[in-house]
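Colleague: I would like the atomic coordinates for the input below:
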Amino acid sequence: MTEWVVIVYDKPNTDRSKVRPQHVAAIPAAVTAGIVTNVGAIFHTVPNPATDEKPPFAGSAFNLIAESREEILEFLKKDIYAKEGIWDLDSFIAYPYSCAARVEKKLP
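Modeller: Purely as a prediction, here's the structure:
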């Protein structure tokens, strides 16, 4: 199996907030299954540490364990963001990845 760095952008003018709780709830199972080794949101601008307000979402970034880009696409299609038309699956980016260092962050 290969580790991949994957970026999937949100479609323009979509609002992920309504289904975000479902998306976040699915993350621990994918991590426990060994499919996801790193995951998080990407933003259009840098968050402002002086406020709690998050900038607009640009999409999602992952490190995934998979055999192929096709397997990655099938994984992404199962996510609520794909099912609800938030992610632009036609333009996802995936490259084989070799991690030199990894710092753990605990899941909420």
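Colleague: use CA for all of it now, contacts and neighbours both
Modeller: OK.
Colleague: Residue 60 looks like it's in a strand, true?
Modeller: Yes: using DSSP: H, G, I helix; E, B strand; the rest coil, the assignment for residue 60 is a strand.
Colleague: Specify the local secondary structure of the closest residue to residue 107 other than its chain neighbours.
Modeller: In space, and not counting its chain neighbours, residue 107 is closest to residue 28: 7.4 Å by Cα to Cα, 6 or more residues apart in numbering. What three-state DSSP gives for residue 28 is helix.
Colleague: Surely residue 28 is in contact with residue 39?
Modeller: No: between residue 28 and residue 39 there is no contact under Cα atoms under 8 Å: 10.4 Å.
Colleague: Okay, and the beta partners of the most centrally placed residue in the chain?
Modeller: Geometric centre of the chain, nearest residue: residue 60, 3.5 Å, by Cα atoms, centre = their mean. For residue 60, the beta-bridge partners are residue 8, residue 41 (DSSP bridges).
Colleague: so it makes contact with residue 24?
Modeller: No: with contact defined as Cα under 8 Å, residue 60 does not reach residue 24; the gap is 11.6 Å.
Colleague: Having no further points to raise, I will conclude here.
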